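1. Structure of the sequence below:
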Amino acid sequence: MRVVYKTGVCSKCGKEKIITQKSKQLCFFCQQYSYKRPIVKKPQKPIPKFSVNGRKRKLEDVSFYKKAWELKQDECGGNYCENCGKYLVKYSSVFISHILSRGAFPELAHDFDNYFILCLNCHSQVEFGKDKESMNIYYDSLKRIESLKQKYYENK
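-> Next up, the predicted model:
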């Protein structure tokens, strides 16, 4: 059985085309879009990059990281990983590793006794590694943890 299409004026777009839906007088293109439901987008609240307090904290973090880097840098402006001794040429905040986390001890986040300078491999081993006891900084970090916790609980 052969279907015969006739040309006519589409009731939606107003152009003369082949009418594929006779009841509503729609062309093929307008017929396809009439099947789809209109997409209703919910109005989204704008997401700020930083809240007022968050922006201030971010700036404080950056200045702390730079000062921490400068305290231990050599005459060429670089630093050494405190665990493996790898030379770190350029400053990056990734190289600063907090001993006591900023989330658990926010008052110690900007304490200059509460960080190590570590390369990426050593930093990830400190954060996620299972064999932390084999690291060169392990026993030093235990001593620092004790003194930092005393400082933290005395100030509370």
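2. I figured Cys27 hits Gly14, correct?
-> No: using Cβ atoms under 8 Å, Cys27 and Gly14 do not qualify as a contacting pair, with a distance of 9.9 Å. Bear in mind the C-beta positions are built from the backbone N, C-alpha and C, glycine included.
3. Which one's more surrounded, these two?
-> Cys27 (23 against 10; other Cβ atoms under 10 Å).
4. How about the contacts made by the more buried one?
-> Residues near Cys27 by Cβ atoms under 8 Å, 6 or more residues apart in numbering: Cys10, Lys12, Cys13, Lys15, Lys17, Ile18, Ile19, Thr20.
5. residues near the first one, how many?
-> The burial metric for Cys10, expressed as a neighbour count using other Cβ under 10 Å, is 22.
6. Just grab the bridge partners of the nearest residue to it once chain neighbours are set aside for me.
-> Counting by Cβ to Cβ, 6 or more residues apart in numbering, Cys27 is the residue found nearest to Cys10 once chain neighbours are left out, at 4.1 Å. Beta-bridge partners for Cys27, by DSSP bridges, are Ile19.
7. Against Phe105, how distant is Cys27?
-> Separation of Cys27 from Phe105 (Cβ to Cβ, to the nearest Å): 68 Å.
8. what bits of the chain have low per-residue confidence?
-> Along the chain, segments meeting pLDDT under 70 span 1-5, 33-42, 44-57, 156.
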